[in-house]
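Q: Okay, here's the prediction I keep looking at, along with the sequence it came from:
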Amino acid sequence: MSLFLRRYAFLDRRVFGVLYLGSTLWAVGHFAVGLALWFLGAYFTRAGAGPRSSAATLGAGLDPWWFLATLSAVCLAVLFRRSAPGAALAVGTAAVAADMLVGPSTWVLVTYGDVLYAACVWGRRRLAYGTLAVLAAASAALVGFLLYLLALGALPGGLLTVFQAAGILVLLFIAPMIAGLSVREHHLRAELERERARQIERMAELDRGNAIAEERGRMARELHDVIANHLSAIAVQSTAALSLRDPDPARIRRILSVVRDNSVQGLAEMRQMIGVLRAEDDLDLERVMPRLSEADRLVTTAREAGLRAETVETGTARPLPVGVDAAAYRILQECLTNALRYAEPRRVDITIDYGAPDAGGRALLVLTAENPVPEVAGHTWRSELGSGAGLAGMRERVALLGGDFEAGAPGGDPRRWRVRAALPHDIADGAVARGTEMERDT
């Protein structure tokens, strides 16, 4: 079907700016057929005049050449049936009325049916249904009049004439209009489907853009957490080694060991992330999300880098959903990184509160990290140190899980900095998620 439409799409081209090529060819074809039938005498005369007796007259004193005038007028209506369906219908109706006065002729009535069809397909909705109503009423009135003559016994041919007249009306006028209205509804339905397809395409494009933006944000958070943590430890230890006035082989060896461990861990996490990005849709290469239960490694690394980290757990430790588990791990990692870079003296107090379940089976995992910060005259310490990307990443992680995030000086004390993240989770879902991971790992 689509190949057929493409092959004959040239018929929709415009001629002289106002006419369509298809309508022009169709009007020429109608006129050619009507002219041939005129030569054959396919019209009704009232005085027995023929097409070649131009001197003969009809009952009304008219010549047969008048049939060519009505044929030309109705073909002119076909010519403008698509560009001006209302005007074409008016011209066609006038041509049929004139043809009925002088004849009528067969092909003028057939061509008028095409004008009615075009008015229903390309005309306005009010024009189409209004014309159908008027034509149906006129046809019913004509059939009623014939039945009235039949009842009086004044109708030649009897009941057969009534059925023939009704059949001609339906075949020449009503049927083309019904077909035109059907095609019109089909066109409207097709246009609605095309618009719906365009809307779906736009929505898919928006969803794709949102998914790309969300994935970029997630990757930015992951890269920041991985790189900032390990490189901060490396930078701190390198600074400590460079600041040594008297070489101490044991201390230098310990510093280099910390630098090496952080380098190896950072490279391992980077390789893991790159492998996930290259995995595409391979289900065998699922990402291994970090877990809060592995936080001891972060604390140990921070302590080796020279940070005094104290961790306190309250409540009962329980399985967590994968998203909450990974977010808690990354938030704790960022807090240790910030403390390692900015704390003075180098100390951080971390509290992990698993909380108690509520009546709905939900609980809050609350992470709190507090460390001292240096006082900078005339500025807050954040204006002098850092870009704020870590805080933005933590805030985004908590917001995605529907939790609460706070960062700032507790009680207005400029010498302290505290980060608090409350992550809501469902205990049952967490148990199911952790059980699924354990089955996969085993």
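A: Yep, it's here.
Q: sec struct for G266, please.
A: Classification of G266 using DSSP: H, G, I helix; E, B strand; the rest coil returns helix.
Q: Please report how far it lies from Y342.
A: 20 Å (C-beta to C-beta, to the nearest Å). Using the backbone N, CA and C atoms, a C-beta is placed for each residue, glycine as well.
Q: quick one: the helices in this protein?
A: 2-7, 21-40, 66-79, 85-102, 106-122, 125-152, 159-169, 175-242, 249-279, 295-304, 322-342, 381-384, 389-400, 427-441 (DSSP state H).
Q: Using JSON lines, please lay out the ones you listed together with distance to V373 and mean neighbour count.
A: Listed next are the helices of the chain as JSON lines, based on distance: least, C-beta to C-beta, whole Å; neighbours: other C-beta atoms under 10 Å:
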{"stretch": "helix 2-7", "distance to V373": "69", "mean neighbour count": "8"}
{"stretch": "helix 21-40", "distance to V373": "80", "mean neighbour count": "16"}
{"stretch": "helix 66-79", "distance to V373": "86", "mean neighbour count": "22"}
{"stretch": "helix 85-102", "distance to V373": "79", "mean neighbour count": "19"}
{"stretch": "helix 106-122", "distance to V373": "76", "mean neighbour count": "23"}
{"stretch": "helix 125-152", "distance to V373": "73", "mean neighbour count": "14"}
{"stretch": "helix 159-169", "distance to V373": "95", "mean neighbour count": "14"}
{"stretch": "helix 175-242", "distance to V373": "16", "mean neighbour count": "14"}
{"stretch": "helix 249-279", "distance to V373": "23", "mean neighbour count": "14"}
{"stretch": "helix 295-304", "distance to V373": "16", "mean neighbour count": "17"}
{"stretch": "helix 322-342", "distance to V373": "6", "mean neighbour count": "23"}
{"stretch": "helix 381-384", "distance to V373": "5", "mean neighbour count": "13"}
{"stretch": "helix 389-400", "distance to V373": "14", "mean neighbour count": "18"}
{"stretch": "helix 427-441", "distance to V373": "34", "mean neighbour count": "14"}
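Q: Can you say which of those helices is nearest to L367?
A: L367 lies closest, by C-beta to C-beta, to one member of the helices of the chain: helix 322-342, at 5.6 Å.
Q: Could you pull up the mean pLDDT of the closest one?
A: Averaging pLDDT along helix 322-342 gives 83.
Q: ok, now stretch 147-165?
A: In this model, stretch 147-165 has a mean pLDDT of 84.
Q: Please export the C-alpha coordinates of that stretch as PDB.
A: Taking Å, rounded to 0.1, in the frame of the first residue of the first chain, the C-alpha atoms of stretch 147-165 are listed here in PDB:
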ATOM      1  CA  LEU A 147     -45.900   7.500  -4.000                       C
ATOM      2  CA  TYR A 148     -48.600  10.200  -3.900                       C
ATOM      3  CA  LEU A 149     -48.900  10.100  -7.700                       C
ATOM      4  CA  LEU A 150     -49.000   6.300  -7.500                       C
ATOM      5  CA  ALA A 151     -51.900   6.400  -5.000                       C
ATOM      6  CA  LEU A 152     -53.800   8.700  -7.400                       C
ATOM      7  CA  GLY A 153     -53.100   6.400 -10.300                       C
ATOM      8  CA  ALA A 154     -51.300   9.100 -12.200                       C
ATOM      9  CA  LEU A 155     -47.800   7.600 -12.200                       C
ATOM     10  CA  PRO A 156     -46.700   5.800 -15.400                       C
ATOM     11  CA  GLY A 157     -45.100   2.500 -14.800                       C
ATOM     12  CA  GLY A 158     -46.600   2.100 -11.300                       C
ATOM     13  CA  LEU A 159     -44.500   0.900  -8.400                       C
ATOM     14  CA  LEU A 160     -41.600   0.000 -10.600                       C
ATOM     15  CA  THR A 161     -41.100   3.700 -11.400                       C
ATOM     16  CA  VAL A 162     -40.900   4.500  -7.700                       C
ATOM     17  CA  PHE A 163     -38.200   1.800  -7.100                       C
ATOM     18  CA  GLN A 164     -36.300   2.900 -10.200                       C
ATOM     19  CA  ALA A 165     -36.300   6.500  -9.000                       C
END
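Q: So what touches that stretch?
A: L142, V143, L146 (C-beta atoms under 8 Å, 6 or more residues apart in numbering).
Q: Ok, which of the helices of the chain comes nearest A363?
A: helix 427-441 (5.8 Å).
Q: and A295, what does it touch?
A: By C-beta under 8 Å, 6+ apart, the neighbours of A295 are T311, Y329, L332, I352.
Q: So in terms of bridging, what pairs with A363?
A: H425 (DSSP bridges).
Q: quick revisit: tell me the one among the contacts of stretch 147-165 nearest to L68.
A: L68 has its nearest neighbour among the contacts of stretch 147-165 in L142, at 26.7 Å by C-beta to C-beta.
Q: Just put the contacts of stretch 147-165 in CSV and tack on distance to A27.
A: Converted to CSV, those look like this (distance: C-beta to C-beta, whole Å):
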residue, distance to A27
L142, 28
V143, 31
L146, 33
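Q: domain ranges for the protein?
A: Per the record, the chain has its domains at 11-202, 220-441, by automatic domain parsing.
Q: what pLDDT does E195 get?
A: Value listed for E195 in the pLDDT field: 88.
Q: try I350
A: For I350, the pLDDT comes out at 91.
Q: do you know how far it is from P319?
A: Distance of I350 to P319, computed by C-beta to C-beta: 21 Å.
Q: Adding distance to S72, write the contacts of A295 out as CSV.
A: As requested, the contacts of A295 are exported to CSV (distance: C-beta to C-beta, whole Å):
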residue, distance to S72
T311, 99
Y329, 87
L332, 91
I352, 95
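Q: Show me the shaky parts of the stretch 101-250 of the chain.
A: Along the stretch 101-250 of the chain, segments meeting pLDDT under 70 span 221-222, 224-230, 232-233, 236-237, 240.
Q: related to what we said a few turns ago, just put the helices of the chain in a markdown table and tack on distance to G411.
A: A markdown table is the format used below for those (distance: least, C-beta to C-beta, whole Å):
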| stretch | distance to G411 |
| --- | --- |
| helix 2-7 | 72 |
| helix 21-40 | 83 |
| helix 66-79 | 88 |
| helix 85-102 | 80 |
| helix 106-122 | 77 |
| helix 125-152 | 72 |
| helix 159-169 | 94 |
| helix 175-242 | 27 |
| helix 249-279 | 34 |
| helix 295-304 | 25 |
| helix 322-342 | 19 |
| helix 381-384 | 16 |
| helix 389-400 | 19 |
| helix 427-441 | 33 |
